[in-house]
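In: Task: produce atomic coordinates for the following.
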Amino acid sequence: MRKTKAEAQQTREALLAAALDVFYRRGVSQASLHEIACTAGVTRGALYWHFKNKEDLFDALFQQIFQELMHQLDNDIAAQSPDIWQNFATAITQAFMRLVSNESHHKFCHILHLNCEHTEQNHNIVQLLRQYQQLWRSRLCAVFTLSLQQQKLPPNIDIDLAALYFQSVVMGLTDLWLSNPEAIDLNSVVPRFIATSMEVLQHSPHLRRPAVK
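Out: Model (predicted):
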C-alpha cells in the first residue's frame, strides 16, 4: 500500500535521527546504511526511497541543522534589518547555547568536528563539509557587508579577512568545548568571547584593508 505524505515524512525524519545517532557513535566513515536503516526500524529499500547514499543523508542533516541555526539571521539579511549587528551577536550566542541544551545540535557538531574523518573513503563527505564551511563564511560576509553599510564597522574593513577571523573564533571554541566539555563553561565564556570578537572587528587595525599608495 502506498504511504501517505505524513507517513513518508515520518520515515524520513526517523532516518535522519538514526543517521545522526549512528554517525555520532561510530564516525561517518564507519557508519553503514544497513545500520542506519536498522536503527530507524525501516528496510534498506525505504532508506533508498528517501536518500541515494550516505552523502545524501549527511547533506540532509546539514541542511536541517544549518537552517535551524541560520533561519533568523537569513531573514535579517534578506530584510536588511537595521538591527543586524546586535541580532548577529544574539544568533551566535544562541547557537552556542544550543550546543549545551539541544542534543541533536550537540551530536551534529560533534560529528562535524570530531567524527568526520578526513580520509579517502570519506572524500565526498569532506567535500560537503568544505562547501558548508564556505557557505557559513559567505553568511558572515553578508552580515559584515550589511553592518558596514549601517556604519557598525569601519569603512576600510577587510570583509573576507574579518569573516575568516570570526569563523576561526567560533570553530576554535566549539572544537575545544566538544573535546572537553567539563573544562569550559559555555554559559559564562560565550557572551564574553562574542563581545570581545565583535570589538576586534570594530577596532582592530589588523583587519583593515591596506592603504592604497
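
In: quick one: low-confidence parts of this protein?
Out: Low-confidence segments of the chain, defined by pLDDT under 70, span residues 1-3, 212-213.

In: Centre-most residue in it?
Out: When CA atoms, centre = their mean is applied to the chain, the residue found nearest the centroid is Phe66 (5.0 Å).

In: Please identify the helix or strand for that one.
Out: Per DSSP states H and E: Phe66 is located in helix 54-78.

In: What helices and strands are in contact with that helix?
Out: Contact here means 3 or more CB pairs under 8 Å, 6 or more residues apart in numbering; DSSP states H and E; on that basis helix 54-78 packs against helix 5-26, helix 33-40, helix 84-101, helix 103-114, helix 123-149. For glycine as for every other residue, the C-beta is placed from the backbone atoms N, C-alpha and C.

In: now what about it, what contacts it?
Out: 15-16, 19-20, 23, 28, 31, 33, 36, 51, 81, 83-84, 87-88, 91, 95, 98, 104-105, 108, 124-125, 128, 132, 135-136, 139, 142-143, 146 (CB atoms under 8 Å, 6 or more residues apart in numbering).

In: likewise stretch 152-159?
Out: Residues from elsewhere that reach stretch 152-159 (CB under 8 Å, 6+ apart): 84-85, 141, 144-145, 147-148, 162, 201-202, 207-209, 211.

In: Neighbour count for the residues you listed - can I get that in a markdown table?
Out: Formatted as a markdown table, those follow (neighbours: other CB atoms under 10 Å):
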| residue | neighbour count |
| --- | --- |
| Ile84 | 23 |
| Trp85 | 20 |
| Cys141 | 15 |
| Phe144 | 24 |
| Thr145 | 17 |
| Ser147 | 20 |
| Leu148 | 16 |
| Ala162 | 25 |
| Leu201 | 21 |
| Gln202 | 15 |
| Leu207 | 21 |
| Arg208 | 14 |
| Arg209 | 13 |
| Ala211 | 6 |
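
In: Which one of those is nearest to Trp177?
Out: In terms of CB to CB, no member of these lies closer to Trp177 than Leu201, at 21.8 Å.

In: My guess is the closest one contacts Tyr165. True?
Out: Yes - the pair Leu201 / Tyr165 is scored as a contact, 7.5 Å apart, by CB atoms under 8 Å.

In: anything in contact with each of these two?
Out: Leu207.

In: what's near enough to touch the nearest residue to Gln167 once chain neighbours are set aside?
Out: With CB to CB, 6 or more residues apart in numbering as the criterion, Gln167 has its nearest non-adjacent residue at 5.5 Å, and that residue is Arg137. With contact taken as CB under 8 Å, 6+ apart, Arg137 is in contact with 163-164, 167.

In: Could you do Leu178 as well?
Out: 99, 109-110, 113-114 are the contacts of Leu178 under CB under 8 Å, 6+ apart.

In: how does it look with 6 Å?
Out: 110, 113-114 (CB atoms under 6 Å, 6 or more residues apart in numbering).

In: export the residues you listed to TSV and tack on distance to Gly45 and neighbour count?
Out: Below are the contacts of Leu178 laid out as TSV (distance: CB to CB, whole Å; neighbours: other CB atoms under 10 Å):
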residue	distance to Gly45	neighbour count
His110	30	19
His113	33	15
Leu114	32	13
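
In: Nearest to Asn187, out of the residues you listed: which one, please.
Out: The closest of the contacts of Leu178 to Asn187 turns out to be His110 (CB to CB; 18.6 Å).
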